[in-house]
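Participant: Okay, structure incoming, though there's no sequence with it:
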């Protein structure tokens, strides 16, 4: 008998791709003697409730079908349960950036199903801000402008969508001021274009924000991009695509386990591509070391 599997689908992820994956994913997961149950989200954030309910019903293997936001919401329910649950990921969203750091294929449902049944468990770090968990990254500034612009673009998906919106916002976004404190040490106040705290290596559908990031080292990798005029921004974007931005004079890169950010006013920010409005101008971000068990390919190791 195989271990029972509960699948959480976000039908709205990937501009409807999540809905189209329901039947293929269930068929790929089906194995003789293995119980497969599933549910579809009805509204934003519903994933956590469905995951928590599944764990309470006895499931110890939960699969999330969607993008980075769906995965972090399902993880929230798993983490709240306090149970030793293994989380499987099936890409069905717009960016699906965490999958790139875990070796999970972006468009191969059969391979993802094989990872759920035959993969190994890897414990990864989790970030937390204002009670929200994030698995891949948290971002401020230009990152938010790109996400907000992506809501208005209906004719593109995936990496091309984020790249298109990034180019559109490159000349219009004004920047912001923030003081960053890492592990109790002030990094100073700067006028920034963007601030990213990364757990994974990739964000925004393909930008190599933290090429050396380790999901299990107990730290977040920070990239602080100084504000610049358009030519400087273009250079930064090119460097970001190549993963060489850390060598730019206007970029400060460092890592830490906890952070305090002081803004002029409560900012908007994103956690795993999900837009949020901060409740305070001063925010604390912490790392929960190896707090989440995720299923990865056997070749990736635990």
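Facilitator: Cool, got the structure. Worth saying up front: this structure is predicted, and the values here are computed from it rather than measured.

Participant: in the one helix or strand residue 62 maps to, what counts as buried?
Facilitator: Mapping residue 62 onto the secondary structure by DSSP states H and E places it in strand 61-66. Under the neighbour-count criterion of 16 or more other C-beta atoms under 10 Å, strand 61-66 has 61-66 buried. Just so you know, the C-beta spots here come from the backbone N, C-alpha and C atoms, and that holds for glycine as well.

Participant: so where's the stretch 101-250 of the chain uncertain?
Facilitator: Under the criterion pLDDT under 70, the flagged ranges of the stretch 101-250 of the chain are 158.

Participant: For it, which segments count as helices?
Facilitator: Using DSSP state H, counting those that start in this stretch, the helices of the stretch 101-250 of the chain run over 109-118, 142-150, 158-169, 230-242.

Participant: so which of those helices comes closest to residue 176?
Facilitator: Ranking those by proximity to residue 176 (C-beta to C-beta) places helix 142-150 first, at 9.1 Å.

Participant: the inter-axis angle of that closest one versus helix 158-169?
Facilitator: 110 degrees (axes from the mean of the first three to the mean of the last three C-alpha atoms, to 10 degrees).

Participant: wait, which of the buried residues of strand 61-66 is closest to residue 133?
Facilitator: Out of the buried residues of strand 61-66, the member with the shortest distance to residue 133 (by C-beta to C-beta) is residue 64, at 13.0 Å.

Participant: Which strand residues bridge the closest one?
Facilitator: Beta-bridge pairing for residue 64 (DSSP bridges): residue 8, residue 89.

Participant: so it makes contact with residue 90?
Facilitator: Yes: counting by C-beta atoms under 8 Å, residue 90 is a contact partner of residue 64 at 7.1 Å.

Participant: Show the backbone phi and psi for residue 275.
Facilitator: phi -80, psi 140 (degrees, to the nearest 10).

Participant: Just the pLDDT for it.
Facilitator: With respect to pLDDT, residue 275 scores 93.

Participant: what's the neighbour count on it?
Facilitator: By the criterion of other C-beta atoms under 10 Å, residue 275 has 13 neighbours.

Participant: tell me the domain ranges of this protein?
Facilitator: Following automatic domain parsing, one gets these domains for the chain: 5-118, 134-288.

Participant: With distance to residue 294 as new columns, can these be given to me in TSV?
Facilitator: TSV is the format used below for the domains of the chain (distance: least, C-beta to C-beta, whole Å):
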stretch	distance to residue 294
domain 5-118	5
domain 134-288	8
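
Participant: Quickly compare these and say which is most buried.
Facilitator: domain 5-118 (a mean of 20; mean count of other C-beta atoms under 10 Å).

Participant: and that one, how far apart are its ends?
Facilitator: 13 Å (C-alpha to C-alpha, to the nearest Å).

Participant: tell me which residues form a beta bridge with residue 194?
Facilitator: Residues in a beta bridge with residue 194, per DSSP bridges, are residue 141, residue 225.

Participant: thinking it is in contact with residue 140, fair?
Facilitator: Yes: judged on C-beta under 8 Å, residue 194 makes contact with residue 140 at a distance of 6.9 Å.

Participant: hang on, the earlier thing: could the helices of the stretch 101-250 of the chain go into TSV alongside distance to residue 261?
Facilitator: Conversion of these to TSV gives the following (distance: least, C-beta to C-beta, whole Å):
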stretch	distance to residue 261
helix 109-118	35
helix 142-150	14
helix 158-169	21
helix 230-242	21
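
Participant: To residue 273, which of these lies closest?
Facilitator: Comparing the helices of the stretch 101-250 of the chain under C-beta to C-beta, the one sitting nearest is helix 142-150, at 6.6 Å.

Participant: which secondary structure elements does that closest one contact?
Facilitator: Using 3 or more C-beta pairs under 8 Å, 6 or more residues apart in numbering; DSSP states H and E, the elements in contact with helix 142-150 are helix 158-169, strand 185-198, strand 268-271, strand 274-277.

Participant: And the strands in the stretch 201-302 of the chain, which stretches?
Facilitator: Along the stretch 201-302 of the chain, counting by DSSP state E, counting those that start in this stretch, strands occupy 220-226, 251-256, 258-263, 268-271, 274-277, 282-296.

Participant: mind checking which of those is nearest residue 38?
Facilitator: The closest of the strands of the stretch 201-302 of the chain to residue 38 is strand 282-296. By C-beta to C-beta, the value is 16.6 Å.

Participant: What pairs with the closest one, parallel or antiparallel?
Facilitator: strand 86-91 (parallel), strand 120-129 (antiparallel), strand 258-263 (antiparallel).

Participant: All set, thanks.
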